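K.L.:
Next input, structure requested:
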Amino acid sequence: MAASAASGSSENRCLVLGASGYIGSHLVPRLLDEGIRVRATSRNLASLETRGWGDAELAEADALVPEGLDAALAGIETAYYLVHSMGAGKDFGRLDLEAAANFAAAAARAGVARIIYLGGLVPAGAASEHIVSRRATGDALRRGSVPVTELRAGIIVGPGSAAFEVMRDLVYHLPVMVTPRWVRAKSPPIALDNLLMYLVRLPQIPAAEGRVFDAGGPETLTYEQMMRILAQEGGRRPPIVIPVPVLSPKLSSYWLRLITAVPTNIARALIEGLKHDFSADDAELRDLVPQHLLGFREAVAAVFAAERASEPVVARWVEGAFAVRQQRIDYAYYAKRASAAQETTAPPAAVWSVLRGIGGENGWFYLKALWQLRETLDWLAGGPGRQHGRRHPTELRVGDRIDSWKVLGIEPGRRLSLAFGMRAPGAGMMEFDLKPLADGGARLTMTAYWHPAGVWGLMYWYAFAPAHGVVFSGTVKEICRLAEREAQNARRPSAAA
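P.N.:
Down below sits the predicted model:
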């Protein structure tokens, strides 16, 4: 298990399974601030290593791979279960049950004292697979011998919350919305800070052991009311909402795919549950964990204030980072993305040697005329598209300009992060990631991230999507080909020899 040194005053070491997810990524620093020792896990360890959680142990664990759970749970007293499989598509319900059963068994073997599970509110007569799966996951965890405290929350108001980001995208992307009737459905939205307080405090309360609690905010609103408030707090005119009866949840999910940058499978799962009114019977929870519950307007204002106060500089792409979104609350939190990868026999050093010379006189290695055409179009639109060149042909440093791009981050031999600088409706980044292979070769991945600004930003992305696959694939192949040639030349004996 890869780990960094842990610290903290509390003897209660807790595990956060799913620490790279939305709630987990906010819960871990909150627990650390409380002096609680944290082991943060994810299926992909690299996704945790960039978080800056110096006082947390970092480990790789997947609830669908039971043989790795025993090591992750060793020495743990409280385990937070924050994973779900909505992003997996149609089979997510079965995967959720399998993962929960694996985790419950492993927690029992490890002697865990309590599991804290974050589920969702369950309205009467709910049939949506998303809602049923969240409830069934709690049942599966309770079938194990470790006591489970389940917290059922509705819409979470915080940056990155899928439901909140769907509403943000709708508000900023459409001045007029023809929507299904679910915009009149009601829900008690809860602020992220309030939910995190519940999650931190509940393991410390003996009376919460083995209990199920609803968690909601102080008011119940329709989605239409929430979108109007969101628009007002964001300085926008509230959208005109026209509900119609013909848009089913399934049709709505296809419509949202075009309008929002929230991952499609997640948006679809959420939409299927929005035909219900939700309520939270949270009186007992409020007594156990007293706190000031933020109303929806307060919570939205807190979201925007937190984003504006966030770190203004980043060294690489992180989902939702405000700096990547050019400090714009109206740019989509979630990014559209496209990537290509290529393996090569050339050593990583040879690949990096070629990559660091990108742009300027070398151009972008593949279909250079297409890159130049895009730059010319930008120049004709008044952008910096034809500002070719770079400070040095091979040396790079943060802040350098490479044609129309800016270097945001460099990890020599590993990663190059570039910010998109041409005029377009949104904000973008390009990253080259280089990984060594066991046979001495390397794998180069090129990924573009795009945070669209409104419908025009989405249309811009879809217009260029067909070219991305061709250009990116060709670019990484050409870089690897040049690296192999460079490595071969380096192995040849010199003429003098």
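K.L.:
need the strands for the stretch 201-350 of the chain, in chain order.
P.N.:
212-215, 221-222, 240-243, 336-344 (DSSP state E, counting those that start in this stretch).
K.L.:
So what does residue 73 look like in phi/psi?
P.N.:
phi -90, psi 0 (degrees, to the nearest 10).
K.L.:
what residues are up against it?
P.N.:
15, 79, 106, 107, 109, 110, 112 (C-beta atoms under 8 Å, 6 or more residues apart in numbering). Yep, even glycine has a C-beta here, placed from its N, CA and C like the rest.
K.L.:
returning to that earlier point: please identify the most buried of the strands of the stretch 201-350 of the chain.
P.N.:
strand 212-215 (a mean of 21; mean count of other C-beta atoms under 10 Å).
K.L.:
quick one: strands adjacent to it?
P.N.:
strand 148-153 (parallel) (DSSP bridges).
K.L.:
Nearest to residue 279, out of the strands of the stretch 201-350 of the chain?
P.N.:
strand 212-215 (8.0 Å; C-beta to C-beta).
K.L.:
distance between that closest one and the chain's centre?
P.N.:
On the basis of C-alpha atoms, centre = their mean, to the nearest Å, strand 212-215 sits 25 Å off its chain's mean C-alpha point.
K.L.:
what about that strand, average pLDDT?
P.N.:
Mean pLDDT, strand 212-215: 97.
K.L.:
List the contacts of that strand.
P.N.:
121, 138, 149-154, 190, 194-195, 198, 202, 279-282, 284-285, 288.
K.L.:
Output the contacts of residue 73 in JSON lines; the columns should cover pLDDT.
P.N.:
Formatted as JSON lines, the contacts of residue 73 follow (pLDDT from 0 to 100):
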{"residue": "15", "pLDDT": "98"}
{"residue": "79", "pLDDT": "98"}
{"residue": "106", "pLDDT": "97"}
{"residue": "107", "pLDDT": "98"}
{"residue": "109", "pLDDT": "97"}
{"residue": "110", "pLDDT": "96"}
{"residue": "112", "pLDDT": "97"}
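K.L.:
quick one: low-confidence parts of the stretch 351-497 of the chain?
P.N.:
493-497 (pLDDT under 70).
K.L.:
At the geometric centre of the chain, which residue do we find?
P.N.:
When C-alpha atoms, centre = their mean is applied to the chain, the residue found nearest the centroid is residue 319 (4.6 Å).
K.L.:
Pretty sure it sits against residue 336.
P.N.:
No - here residue 319 does not reach residue 336: they are 11.7 Å apart, not a contact under C-beta atoms under 8 Å.
K.L.:
which residues of the stretch 251-400 of the chain fall in helices?
P.N.:
264-272, 283-288, 296-308, 348-355, 368-380 (DSSP state H, counting those that start in this stretch).
K.L.:
for the third one, packing partners?
P.N.:
For helix 296-308, the elements it packs on are strand 156-157, strand 190-191, helix 192-201, helix 223-233, judged by 3 or more C-beta pairs under 8 Å, 6 or more residues apart in numbering; DSSP states H and E.
K.L.:
and residue 208, which of those is closest to it?
P.N.:
Of those, nearest to residue 208 by C-beta to C-beta is helix 192-201, at 8.5 Å.
K.L.:
chain center to that closest one: distance?
P.N.:
Relative to where its chain is centred, helix 192-201 has its mean C-alpha point 20 Å off (C-alpha atoms, centre = their mean).
K.L.:
show me what contacts the residue nearest to the centre of the chain?
P.N.:
Residue 319 neighbours (C-beta under 8 Å, 6+ apart): 160, 333, 334, 335.
K.L.:
can you count the residues close to residue 382?
P.N.:
For residue 382, the neighbour count with other C-beta atoms under 10 Å is 8.
K.L.:
That one contacts residue 423, correct?
P.N.:
Yes - with contact defined as C-beta under 8 Å, residue 382 and residue 423 form a contacting pair (6.6 Å).
K.L.:
if I look at the closest residue to residue 399 other than its chain neighbours, how far off is residue 415?
P.N.:
In this structure, residue 399 finds its nearest non-sequential neighbour in residue 407, 6.3 Å apart by C-beta to C-beta, 6 or more residues apart in numbering. Relative to residue 415, residue 407 is positioned 11 Å away (criterion: C-beta to C-beta, to the nearest Å).
K.L.:
buried ones in the biggest helix by length in the chain?
P.N.:
Looking across the chain with DSSP state H, the single longest helix is helix 454-491. Neighbour counts over helix 454-491 (16 or more other C-beta atoms under 10 Å) mark 454-455, 457-458, 460-461, 468, 471-484, 486-487 as buried.
K.L.:
which helices and strands sit right next to it?
P.N.:
helix 162-173, helix 249-259, strand 336-344, helix 348-355, helix 368-380, strand 426-436, strand 442-452.
K.L.:
Reformat the ones you listed as CSV; add distance to residue 23.
P.N.:
Below are these laid out as CSV (distance: least, C-beta to C-beta, whole Å):
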stretch, distance to residue 23
helix 162-173, 11
helix 249-259, 22
strand 336-344, 22
helix 348-355, 36
helix 368-380, 39
strand 426-436, 25
strand 442-452, 21
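K.L.:
so which of the helices of the stretch 251-400 of the chain gets nearest residue 224?
P.N.:
helix 296-308 (12.3 Å).
K.L.:
now the angle between helix 223-233 and the closest one, please.
P.N.:
50 degrees (axes from the mean of the first three to the mean of the last three C-alpha atoms, to 10 degrees).
K.L.:
buried ones in helix 296-308?
P.N.:
296, 297, 298, 299, 300, 302, 303, 304, 307.
K.L.:
now those residues in a markdown table, with distance to residue 173 and pLDDT?
P.N.:
What follows is those, written out as a markdown table (distance: C-beta to C-beta, whole Å; pLDDT from 0 to 100):
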| residue | distance to residue 173 | pLDDT |
| --- | --- | --- |
| 296 | 20 | 97 |
| 297 | 21 | 97 |
| 298 | 24 | 97 |
| 299 | 21 | 97 |
| 300 | 17 | 97 |
| 302 | 23 | 95 |
| 303 | 18 | 94 |
| 304 | 17 | 94 |
| 307 | 18 | 91 |
